[in-house]
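Asker: sharing a model prediction with you, sequence too.
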Amino acid sequence: MDRIRIVGGRTLEGRIPISGAKNAALPLMIASLLTSETLTLENMPNLADVSMLLRILGHHGVDYSVDGRRPGEMPHASRTIHLSARAIVDTMAPYELVSKMRASFWVVAPLLARMGEAKVSLPGGCAIGTRPVDLLIMVLERLGASVEIEAGYVHARAQKGLRGAEIRFPKVTVGGTHTALMAASLAHGHTRIENAACEPEIVDLADCLNKMGAKIKGAGQTAIEIEGVGSLSGARHAVLPDRIEAGTYAMAVAMTGGDVLLEGASPALLQSALDAIEQAGAGVSVTNEGIRVRRNGAGLSPVDVTTAPFPGFPTDLQAQFMALMTVAKGCSRITETIFENRFMHVQELARFGAKIRLEGDIAFVEGVESLQGAPVMATDLRASVSLVIAALAAEGETVVNRVYHLDRGFEHLEEKLSRCGALVERLSNPG
Ligand code: UD1
């Protein structure tokens, strides 16, 4: 299993190109199941989760091709992927595949909408809380499907097709909203979604579905209206920039000091995180190339944050912000409201000498003078990158174990950081 070795204490200077968003790429790829024509996705990040989902879609009958890199292009230049689900060969998604990636459960909506039937394994346990799928099942039932749960599988049927309906989410859910958008696009009649998630990745999926011929209005707001259509066509769509990757590197620069341009990052997608970084004492400015983050010498101020659905502070940046706060001059309070149990990074940050106390869904962080490098263990995607950020600022050497978590969501992390002066290397272990 690969590890990453980091020697901390260097400032970051230079440019970091921001990749296409993983959390938009995955539902967009799944949307290819809705049509027999080719869906071409540009600006696709090269990530383990994308490769895994290609395998899963292949199981359902999706043919795909990936455009090669042109001579002279940077290794992390974005890729274009063509997906064609001419014929669905299997409407069953087995446990072996779904358990590897939670988001693959979302195939249930397009399979059901196009084929009238889908049998998809429940995703099973997850490191960050129970993460149920009850609201996704509620969407399918509201749209007229009969759903049975048998031996760990969700078996949904709608032989006569789905029917538009009113769907009101009792809680904001990104996956639930993606499911409703995909299923309602091919349902008969009108659907209204209330209390929809407003995340930029929802808007990206709706934009792509509209290019495919769907009739969706209001994505990005809490009420979305969808007029079902008989079939969808192919389309070409570029994935939006990854706000979580941009926010992560912004926090890294705020922590180490330095001056970095996050190329292609869009400030509107992560305003609440940028506000918190600025309050902590880093300079944030917007240029026509992206977002520039810098900090010179001055210490960091403590800032309290509470995670919330978009446009609030993203839960996917909570661990990284906590790493930053471990060296602020004073105490900060970080409240997690989206996922229970999303504090696994706390124990690992403590190995660097961080002082953090947990009380329910609140972490009280008491800033320390400096962190010391240590061997640490990556536990989930966002938690792992918080350890990388801490290591960049810590004195001495850190080895991050189990980096496959990072490879799921951060494209060319070592290269991007090394090019800005960080001492980061991957130690590949055979076997
Ligand atoms: C997506 C993101 C993830 C992000 C999360 C919240 C992807 C691939 N993943 O995950 O990175 O952290 O949004 O921004 O895009 N819930 C239920 N029942 C359900 C579904 C969800 O109770 O049927 C709860 C969850 O347990 C959680 C909350 O709703 O407490 C929000 O979860 P949700 O927005 O659905 O997260 P995901 O779509 O799984």
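Answerer: Received the coordinates, thanks. Numbers count the residues shown, from 1 in each chain.
Asker: sec struct for the residue lying farthest from the centre of the chain, please.
Answerer: Most distant residue from the mean C-alpha position of the chain: Lys160, 34.4 Å away (CA atoms, centre = their mean). The three-state assignment at Lys160 reads coil, by DSSP: H, G, I helix; E, B strand; the rest coil.
Asker: show me the shaky parts of the stretch 201-350 of the chain.
Answerer: Of all residues in the stretch 201-350 of the chain, none has pLDDT under 70.
Asker: ok, now how distant is the residue farthest from the centre of the chain from the ligand?
Answerer: 25 Å (CB to the nearest ligand atom, to the nearest Å). In this view, the C-beta of every residue, glycine as well, is placed from N, C-alpha and C.
Asker: can you check the pLDDT for the closest residue to the ligand within the stretch 151-300 of the chain?
Answerer: Of all residues in the stretch 151-300 of the chain, Gly175 sits closest to the ligand, at 3.0 Å by CB to the nearest ligand atom. Predicted confidence (pLDDT) for Gly175: 97.
Asker: test my guess that Thr222 contacts Glu194.
Answerer: Yes: using CB atoms under 8 Å, Thr222 is in contact with Glu194, at 6.8 Å.
Asker: which one's more surrounded, the two?
Answerer: Thr222 (14 against 11; other CB atoms under 10 Å).
Asker: what about Ala328, how many neighbours?
Answerer: Neighbours around Ala328, by other CB under 10 Å: 20.
Asker: try Leu54
Answerer: 16.
Asker: residues in contact with it?
Answerer: Residues in contact with Leu54, defined by CB atoms under 8 Å, 6 or more residues apart in numbering, are Met29, Val62, Tyr64, Ile81.
Asker: can you map out the helices along the stretch 101-250 of the chain?
Answerer: 108-115, 134-142, 174-185, 200-211, 243-256 (DSSP state H, counting those that start in this stretch).
Asker: quick check: Gly312 vs Gly247, distance?
Answerer: 13 Å (CB to CB, to the nearest Å).
Asker: for this protein, which residues are neighbours of the ligand?
Answerer: With the criterion set to CB under 6 Å from any ligand atom, the chain comes near the ligand through 23, 26, 103, 129, 131-136, 171, 173-176, 201, 315-316, 338-339.
Asker: of these, grab the buried ones for PyMOL.
Answerer: Only the buried entries of those go into this PyMOL selection, using 16 or more other CB atoms under 10 Å:
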select buried, resi 23+26+103+131+133+135+136+173+174+175+176+201+315+316+338+339
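Asker: separation between the residue of the stretch 151-300 of the chain closest to the ligand and Leu26?
Answerer: Gly175 is 10 Å from Leu26, by CB to CB.
Asker: same question, Arg102
Answerer: Taking CB to CB, one finds Arg102 at 10 Å from Leu26.
Asker: correct me if wrong: Ile389 contacts Gln320.
Answerer: Yes: under the criterion of CB under 8 Å, Ile389 makes contact with Gln320 at 5.6 Å.
Asker: now for the two: what residues contact both?
Answerer: With CB under 8 Å, 6+ apart, Ile389 and Gln320 have common neighbours Thr248, Met251, Ala252.
Asker: output these as TSV; include the columns neighbour count and distance to Gly330.
Answerer: Formatted as TSV, the shared contacts of Ile389 and Gln320 follow (neighbours: other CB atoms under 10 Å; distance: CB to CB, whole Å):
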residue	neighbour count	distance to Gly330
Thr248	28	23
Met251	27	18
Ala252	28	21
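Asker: tell me the one of the residues you listed nearest Ile167?
Answerer: Thr248 (32.7 Å; CB to CB).
Asker: so that closest one sits against Phe410, correct?
Answerer: Yes: using CB under 8 Å, Thr248 is in contact with Phe410, at 7.5 Å.
Asker: quick check: neighbours shared by the two?
Answerer: Val385.
Asker: what sits against the nearest residue to the residue farthest from the centre of the chain once chain neighbours are set aside?
Answerer: Closest residue in space to Lys160, ignoring its immediate chain neighbours: Gly116 at 7.6 Å, by CB to CB, 6 or more residues apart in numbering. By CB under 8 Å, 6+ apart, Gly116 lies in contact with Arg157, Ala158, Gln159, Lys160, Gly161.
Asker: what's stretch 34-44 in contact with?
Answerer: 19-20, 25, 28-29, 31-32, 50, 78-87, 110, 113-114, 182, 185-186, 208-209, 212, 231-241.
Asker: drop anything exposed from those residues.
Answerer: 19-20, 25, 28-29, 31-32, 50, 78-79, 81-85, 110, 113-114, 182, 185-186, 208-209, 212, 232, 234-235, 237-241.
Asker: according to the record, where do the domains of the protein fall?
Answerer: 3-19+241-427, 22-238 (automatic domain parsing).
Asker: show me what contacts the closest residue to Thr191 other than its chain neighbours?
Answerer: The shortest distance from Thr191 to any non-neighbouring residue, by CB to CB, 6+ apart, is to Ala184 (3.7 Å). Contact partners of Ala184, counting by CB under 8 Å, 6+ apart, are Leu143, Leu162, Gly164, Ile167, Thr191, Ile193, Ile226, Gly228.
Asker: what about the residue nearest to Ile216 when sequence neighbours are not counted, how many neighbours?
Answerer: Once flanking residues are discounted, Ile216 sits nearest to Ala206: 4.6 Å by CB to CB, 6+ apart. The number of residues packed near Ala206 is 23, by other CB under 10 Å.
Asker: surely Ala206 and Lys215 touch.
Answerer: No: between Ala206 and Lys215 no contact is recorded; they are 10.4 Å apart, counting by CB under 8 Å.
Asker: Pro200 - how many residues pack around it?
Answerer: 21.
Asker: now do it, the pLDDT please.
Answerer: Value listed for Pro200 in the pLDDT field: 98.
Asker: before we move on, what about Arg69?
Answerer: At Arg69, pLDDT is 65.
Asker: Arg157 too?
Answerer: 98.
Asker: for it, what are its contacts?
Answerer: By CB under 8 Å, 6+ apart, the neighbours of Arg157 are Leu112, Gly116, Glu117, Ala145, Ser146, Val147.
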